[in-house]
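Visitor: fold the following and give me the result.
(one chain, ligands or ions: 1)
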Amino acid sequence: MKHAIYPGSFDPMTLGHLDVIERAAQMFDTLTVSVLNNMAKSPLFSVEERVKILEEATSHLQNVKIDSFSGLLIDYCAEKDVHIVIRGLRAITDFEYELQIAQTNRKLSKGSVDTIFLTTSLEYAYLSSSSVKEIASFHGDISQCVPEFLVDRIHEKFA
Ligand code: PNS
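Guide: Numbers count the residues shown, from 1 in each chain. Reported below is the predicted structural model:
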């Protein structure tokens with residue numbers, strides 16, 4: 001059974017995240033999408049809300065599970081007995097940061113956790129959770145950025 005973990009903040013999830021989830025789900029028997037519970041940040045959506053949103057957005061994918069974690073990703077991977085982490089790459093600017101995290105995780109886990117990068121589909125290469133929040137904060141149109149059911153929920157946060 002090939003099992004991978006796709007970790008992230010997903011605050012909020014975007015169509016770019018969904019694209020990575022759908023493609024990774026085809027490559028593995030099971031994909032766990034896991035929301036980082038980061039006490040240091042003040043998020044738009046709580047961890048529980050983000051988990052529910054991801055469950056709704058991936059309900060058509062039978063082999064995708066949604067979870068949350070706190071602490072080090074490699075400890076979470078060990079707990080789940082998973083050795084592959086999925087991350088999306090939008091542009092070269094993502095690469096330096098992602099490479100550093102991937103190599104740190106590989107070193108810290110003594111080679112047990114490897115990272116596989118999926119390049120984001122071009123139509124979503126411009127998308128980020130931060131830009132979605134910024135557009136929504138000015139009551140702009142985010143309908144091309146997030147799943148349809150999520151548009152109003154994000155706008156409500158800025159109402
Ligand atoms: O969606 P994001 O915010 O880019 O996701 C970043 C994430 C969750 C993958 C990363 O911050 C993470 O794994 N955090 C957990 C703490 C950890 O293990 N850090 C790696 C050592 S530098």
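
Visitor: what residues does this structure put near the ligand?
Guide: Proximity of the chain to the ligand (Cβ under 6 Å from any ligand atom) is limited to residues 7-9, 36, 72-73, 101, 104-105. In this view, the C-beta of every residue, glycine as well, is placed from N, C-alpha and C.

Visitor: give me the residues contacting stretch 85-104.
Guide: 4-8, 16-17, 19-20, 24, 31, 73, 77, 105, 113-120, 124-128 (Cβ atoms under 8 Å, 6 or more residues apart in numbering).

Visitor: tell me the helix or strand right after the longest helix anywhere in the chain.
Guide: Longest helix in the chain by number of residues (criterion: DSSP state H): helix 92-108. Using DSSP states H and E, the next helix or strand after helix 92-108 towards the C-terminus is strand 114-119.

Visitor: give the buried residues for that next one.
Guide: 115, 117-118 (16 or more other Cβ atoms under 10 Å).

Visitor: distance between that strand and the chain's centre?
Guide: The chain centre lies 13 Å from the centre of strand 114-119; the measure is Cα atoms, centre = their mean, to the nearest Å.
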